[in-house]
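Peer 1: Quick one: sequence and predicted model below, then my questions.
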Amino acid sequence: MEAAAEQDASPGSVLVMAGTAVVLFVADQVSKQVVVANLAFGERIDIIGDLAQLWHVRNTGAAFSILPGATWVFIPVTLVAIGMVVYFHRTLRGRGAWIQVVLGAILAGALGNLVDRVRLGYVVDFVSLGVGETRFPTFNVADSAVVLGIGALVAYLTFADRRSSATVAE
C-alpha cells in the first residue's frame with residue numbers, strides 16, 4: 001500500500017512543487033526587475049499613504065534585513081535550506097498537493113534570493129509597511145514566500161501531521 005501511495009504521489013507531487021516554485025520564482029524576479037528599472041536606489045513611492053510603500057533597497061542580510069552584511073553566510077545556509085525542501089518533499093510526498101505547494105513556495109523564495117546574492121551580492125527588497133519612520137523591515141516576494149511557506153509547514157507538521165499520526169495509531 002505504501003508503494004502505491006508513493007507511486008501515485010511522486011510525479012504529481014514533483015509537478016505541483018516545481019510548478020509553484022517556477023511561478024513564484026518568476027514573480028519574484030520580475031517584480032525585482034520592475035522595481036530596479038523604475039525606481040532609483042533609495043527611492044520611495046507611497047502606495048497607500050505611507051502605510052504601504054515601494055522602496056528600492058539593497059539587503060545584504062537575510063529575510064527582512066536580519067544580519068546585514070553577512071551575504072557570504074546566507075549562500076551556504078540557502079543551499080542547506082534547498083536540501084531540506086528536497087528532504088521534506090520526499091518525506092511528505094504522499095500527504096497531498098497542499099504541502100507540495102508550501103514546499104514550492106519555500107523553494108522559490110530560497111532560489112529567488114540566492115540568485116540575487118550570487119548575481120548582485122545583495123537582495124533587492126521593495127515592500128515597505130509601517131507608519132512614518134516606524135516600519136517593518138523592507139521585503140520582497142521571495143521573503144514572503146519563504147516566511148509564509150515555513151509558517152505553513154510548521155503549522156502542518158504541528159497540527160495536521162500530528163492528527164494523521166494519531167488516526168493511524170488508533
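Peer 2: Perfect, thanks for sending it. Residues are numbered from 1 along each chain as shown.
Peer 1: contacts, neighbours, all on C-alpha from now
Peer 2: OK.
Peer 1: Please list all residues in contact with the closest residue to Leu24 other than its chain neighbours.
Peer 2: Here the nearest residue to Leu24 in space, its sequence neighbours aside, is Ala108; by C-alpha to C-alpha, 6 or more residues apart in numbering that works out to 5.7 Å. By C-alpha atoms under 8 Å, 6 or more residues apart in numbering, the residues touching Ala108 are 20-22, 24-25, 142, 145-146.
Peer 1: Select from those residues the one having the most neighbours.
Peer 2: Ranked by neighbour count under the definition other C-alpha atoms under 10 Å, these are headed by Ala142 with 30 neighbours.
Peer 1: quick one on the thing from earlier: so which of the contacts of Ala108 belong to helices?
Peer 2: Among those, the members falling in helices are 20-22, 24-25, 142, 145-146 (criterion: DSSP state H).
Peer 1: and the two most separated of the residues you listed?
Peer 2: Val22 and Val146 (13.9 Å; C-alpha to C-alpha).
Peer 1: Check which helices and strands whichever strand or helix holds His89 sits against.
Peer 2: Secondary structure here is read from DSSP states H and E; on that basis His89 sits in helix 71-92. With contacts defined as 3 or more C-alpha pairs under 8 Å, 6 or more residues apart in numbering; DSSP states H and E, helix 71-92 has these neighbours: helix 97-120.
Peer 1: Report the angle between the helix it packs on and helix 71-92.
Peer 2: 160 degrees (axes from the mean of the first three to the mean of the last three C-alpha atoms, to 10 degrees).
Peer 1: List the buried residues of helix 97-120.
Peer 2: Neighbour-count burial for helix 97-120 flags 97, 99-117 (criterion: 16 or more other C-alpha atoms under 10 Å).
Peer 1: Could you work out the end-to-end span of stretch 113-126 for me?
Peer 2: One end of stretch 113-126 sits 13 Å from the other (C-alpha to C-alpha, to the nearest Å).
Peer 1: Can you tell me what sits against that stretch?
Peer 2: 32, 35, 53-61, 71, 75, 78, 138-140, 142-143.
Peer 1: any idea how far it is from the chain center?
Peer 2: Counting by C-alpha atoms, centre = their mean, to the nearest Å, stretch 113-126 is centred 14 Å from the centre of its parent chain.
Peer 1: next one: stretch 29-40
Peer 2: Relative to the chain's own centre, stretch 29-40 is displaced by 19 Å; criterion: C-alpha atoms, centre = their mean.
Peer 1: Dump it to PDB, keeping only the CA atoms.
Peer 2: The C-alpha coordinates for stretch 29-40 follow below in PDB (Å, rounded to 0.1, in the frame of the first residue of the first chain):
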ATOM      1  CA  GLN A  29      12.500  38.100 -10.300                       C
ATOM      2  CA  VAL A  30      10.100  40.100 -12.500                       C
ATOM      3  CA  SER A  31       8.900  42.200  -9.600                       C
ATOM      4  CA  LYS A  32      12.500  43.000  -8.600                       C
ATOM      5  CA  GLN A  33      13.400  43.900 -12.200                       C
ATOM      6  CA  VAL A  34      10.400  46.200 -12.400                       C
ATOM      7  CA  VAL A  35      11.500  48.000  -9.200                       C
ATOM      8  CA  VAL A  36      15.100  48.300 -10.400                       C
ATOM      9  CA  ALA A  37      14.000  49.600 -13.800                       C
ATOM     10  CA  ASN A  38      11.500  52.100 -12.400                       C
ATOM     11  CA  LEU A  39      12.800  53.300  -9.000                       C
ATOM     12  CA  ALA A  40      16.200  54.800  -8.300                       C
END
